[in-house]
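**Q** coords please:
(one chain, ligands or ions: 1)
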Amino acid sequence: MSATPEPFDALVTHAHETRVLVVGAGIAGLVAALECAKVGMPVTVLEAAGRPGGTIAEAEVGGLRVDVGASCWSTADGDVDALVAELDLAPRAVSPSASATWIAGLGRSGAAAAPVPADSVLGIPANPWAQDVRPFIGLSGAWRAYLDRLRPPLTIGKERNLDRLVRTRMGDAVVDRMVAPLSVGRFGLAPSHVDVAAAAPGLSSALTRTGSLGGAVADLLVDRATGPGIKSLEGGMPRLVDALVDRLVTLGAELVVDARVSGVERGADGRWSVTAESAGGEQVVVAPADVLFVATGQQDAARLLAAHVGASLDDSMTDAARLREIVTLVVDAPDLDSAPRGAEVYAVPGTRRASGLVHQTARWDWLSRAAGPGRHVLSVAFDGSIDDPPHAGLDEAEVAALARDEASALLGVQLEAAAVRGVHRARFTLAPPASAIGHDDATGSVRTAIAGTRGLAAVGSWFAGSGLSRVVADAQSEAERLRRTVLWESPPAA
Ligand SMILES: Cc1cc2nc3c(=O)[nH]c(=O)nc-3n(C[C@H](O)[C@H](O)[C@H](O)COP(=O)(O)OP(=O)(O)OC[C@H]3O[C@@H](n4cnc5c(N)ncnc54)[C@H](O)[C@@H]3O)c2cc1C
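**A** The predicted structure follows:
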């Protein structure tokens, strides 16, 4: 028997002695915490709100438990699917029963609506003459869009601004009535702020190859014939949060809710300590840690990191953050049983006060079964900014009436006040997606500065780009980076 510990044993001991603090228990913070707890690091997660999950949230509305924030994930990269499997939730993963996306606010009166053409990418049609494109741009729009086929491709092949690219090649109607409703409705982002290379990888090179934007779209669609989609969990996305918290507790991690972190300090020994307060204003005491993850939204992150990261957080990131209010309506409306406008409807910007709506009971069978025939769950989205919040000056009853009116118009079905069984309002910050123009530039210098600060990481949608898939992948890779530097590249003293 050897008296000298094996290197592996020393590493395990080192992991057990390396304390981790995570500020923020949204999906980013919980995933980073899990990655550290898995290798035996003692982890404490501090959350300002009274519950974990952040933008993954639920409420009881009209007797149903429903998602009132994020309600699905993109399966494109497989990161959330892998996490779901790791947490033994795969049997609860569900695919949508209806997936069509519609755009409303068409026609002279703005009352018409049509499904997004099958052969399109980001709303850009492969063939402007196709029957299903006609309701959006009419004959004159089709003629204009057809000029795309006649223009020289190479000069514009490198255009990264989605608005300029589509407007130049296919004209205003395609941008305003097909592309903008999707980018604004989904991400709160005008096409002029979308980077084509990030939003539709391969489109620019396909444009150069095929000679036209329509040809490039058709080219991309060949590969996407059996493309990715979205999934959710039976019972709602908060089941993912429950499973993450359960796993963390099993691994010995501690989650403290109602603990808002107001300051971060680094001691002379390089360890991190935080100042946190409970909802009642009492001081929450937390032992210093070797590793700190800041997993809050952008404003708190900027404040907490300011003294520790040389690079300043670009102001344009704050400006880009939008506020999105989701008004959830539970209504008795048998006319909606046939999902008349698919799973989601977005408005042509400027035609409605709501930016869009998800018909949750059309999309998810489990929810439709729970609601019963004739009863429907609708998530109506309203956008604003910190300076101009959605629904400023309206009381609860006025917001409920507005949401009902908007839902009626978007769905083409009149919903009477007497049909409403429940109303719920929830407001969140909507971080820009990674495909926002300038996102990488705005985050790049901060990322470099953080990577150069021992034991520090920032994770979350403001930094990684919005979307569960993106946030999960980034939190995992940042946790892996810190684990490697703290455990492997700085072995315990002999
Ligand atoms: C309305 C809406 C719907 C969405 N729907 C989808 C969807 O269906 N699918 C999808 O993939 N993406 C969706 N997204 C995007 C996705 O939800 C987010 O990108 C993701 O949930 C962000 O997670 P996060 O952990 O970075 O931030 P958050 O979820 O915001 O979590 C941050 C946490 O930090 C806490 N916190 C903040 N400050 C402090 C502090 N000082 N001290 C302690 N704790 C603090 C907050 O209370 C919060 O719990 C949606 C976004 C919005 C706004």
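
**Q** If we go by neighbour counts, what in the helix or strand harbouring residue 244 is buried?
**A** In the assignment (DSSP states H and E), residue 244 maps to helix 238-250. Across helix 238-250, burial judged by 16 or more other Cβ atoms under 10 Å covers 238, 239, 240, 241, 242, 243, 244, 245, 247, 248. Glycine gets a C-beta too; all of them are placed from N, C-alpha and C.

**Q** for stretch 252-269, same thing?
**A** Judged by neighbour count using 16+ other Cβ under 10 Å, the buried positions of stretch 252-269 are 253, 255, 258, 259, 260, 261, 264, 266.

**Q** among those residues, which two are most distant?
**A** Between all members of the buried residues of stretch 252-269, the longest pairwise span (Cβ to Cβ) is found for 258 and 266 and amounts to 25.1 Å.

**Q** and the helix holding residue 244, what's its mean pLDDT?
**A** In this model, helix 238-250 has a mean pLDDT of 98.

**Q** Show me what from the stretch 151-300 of the chain comes close to the ligand.
**A** Listed as neighbours of the ligand in the stretch 151-300 of the chain under the rule Cβ under 6 Å from any ligand atom: 260, 261, 295, 296, 297, 300.

**Q** Help me confirm that the fifth one comes into contact with residue 458.
**A** I take that to be residue 297. No: because the distance of 11.1 Å does not satisfy Cβ atoms under 8 Å, residue 297 is recorded as not touching residue 458.

**Q** So between the two, which is more surrounded?
**A** Taking neighbours as other Cβ atoms under 10 Å, residue 297 and residue 458 compare with residue 458 leading, 29 against 20.

**Q** Spatially, what comes nearest to the more buried one if we skip its sequence neighbours?
**A** residue 294 (4.7 Å; Cβ to Cβ, 6 or more residues apart in numbering).

**Q** residues near the one you found, how many?
**A** Residue neighbour count, defined by other Cβ under 10 Å, stands at 30 for residue 294.

**Q** Over to it: give its phi and psi.
**A** phi -100, psi 110 (degrees, to the nearest 10).

**Q** so it touches residue 26, yeah?
**A** No: the pair formed by residue 294 and residue 26 falls short of the contact definition of Cβ under 8 Å, at 11.6 Å.

**Q** Now for those two: what residues contact both?
**A** Shared contacts of residue 294 and residue 26, defined by Cβ atoms under 8 Å, 6 or more residues apart in numbering, are found at residue 460.

**Q** Where in this protein is the helix or strand with the lowest mean pLDDT?
**A** Across the helices and strands of the chain, the lowest-confidence element by mean pLDDT, DSSP states H and E is helix 315-320, at a mean of 54.

**Q** In its sheet, which strands sit next to the following helix or strand past that one, and in what direction?
**A** If you walk from helix 315-320 toward the C-terminus, the next helix or strand you reach (DSSP H and E) is strand 322-332. When pairs are called by DSSP bridges, strand 322-332 turns out to pair with strand 375-384 (antiparallel), strand 420-430 (antiparallel).

**Q** Distance from strand 322-332 to the middle of the chain?
**A** 16 Å (Cα atoms, centre = their mean, to the nearest Å).

**Q** With stretch 386-393 instead?
**A** Taking Cα atoms, centre = their mean, one finds the center of stretch 386-393 at 21 Å from the center of the full chain.

**Q** what's in contact with it?
**A** For stretch 386-393, with Cβ under 8 Å, 6+ apart as the criterion, the contacting residues are 318, 321, 323, 324, 325, 382, 383, 384, 399, 402, 425, 427.

**Q** Buried members of those into ChimeraX, please.
**A** Buried subset of these, written as a ChimeraX selection, criterion 16+ other Cβ under 10 Å:
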select :321,323,324,325,382,383,384,399,402,425,427
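
**Q** Return the residues in contact with the residue nearest to residue 426 when sequence neighbours are not counted.
**A** Taking Cβ to Cβ, 6+ apart as the measure, residue 426 lies nearest to residue 68, with 4.3 Å between them; neighbours along the chain are not counted. Neighbouring residues of residue 68 by Cβ under 8 Å, 6+ apart: 57, 58, 59, 61, 326, 328, 379, 424, 426.

**Q** If we check the ligand, which of these are in contact?
**A** Filtered for proximity to the ligand (Cβ under 6 Å from any ligand atom), the contacts of residue 68 shrink to residue 326.

**Q** Residue 135: how many residues sit nearby?
**A** Other residues within reach of residue 135, judged by other Cβ under 10 Å, total 16.

**Q** list the contacts for it?
**A** Taking Cβ under 8 Å, 6+ apart as the contact definition, residue 135 lies against 106, 107, 112, 114.

**Q** now do residue 366
**A** Applying Cβ under 8 Å, 6+ apart, we find residue 366 in contact with 94, 234, 235.

**Q** Could you list which of these belong to strands?
**A** residue 94 (DSSP state E).

**Q** could the contacts of residue 366 be laid out in a markdown table, adding distance to residue 87 and neighbour count?
**A** As requested, the contacts of residue 366 are exported to a markdown table (distance: Cβ to Cβ, whole Å; neighbours: other Cβ atoms under 10 Å):
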| residue | distance to residue 87 | neighbour count |
| --- | --- | --- |
| 94 | 15 | 18 |
| 234 | 14 | 16 |
| 235 | 13 | 18 |
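
**Q** Can you tell me what sits against the helix or strand where residue 397 lies?
**A** Taking DSSP H and E as the criterion, the element that holds residue 397 is helix 396-411. Applying Cβ under 8 Å, 6+ apart, the external contacts of helix 396-411 come out as 104, 111, 113, 327, 329, 331, 336, 340-341, 345, 347, 352-354, 356-357, 359, 378, 380, 382, 391, 394, 414-415, 417, 420, 423, 425.

**Q** Dihedrals phi and psi, residue 356?
**A** Backbone torsions of residue 356, given as degrees, to the nearest 10, read phi 180, psi -180.

**Q** Quickly list what it is bridged to.
**A** Listed beta-bridge partners, residue 356: residue 346, residue 381 (assigned using DSSP bridges).

**Q** what's the answer for residue 233, then?
**A** When bridges are taken as DSSP bridges, the partners of residue 233 come out as residue 93.
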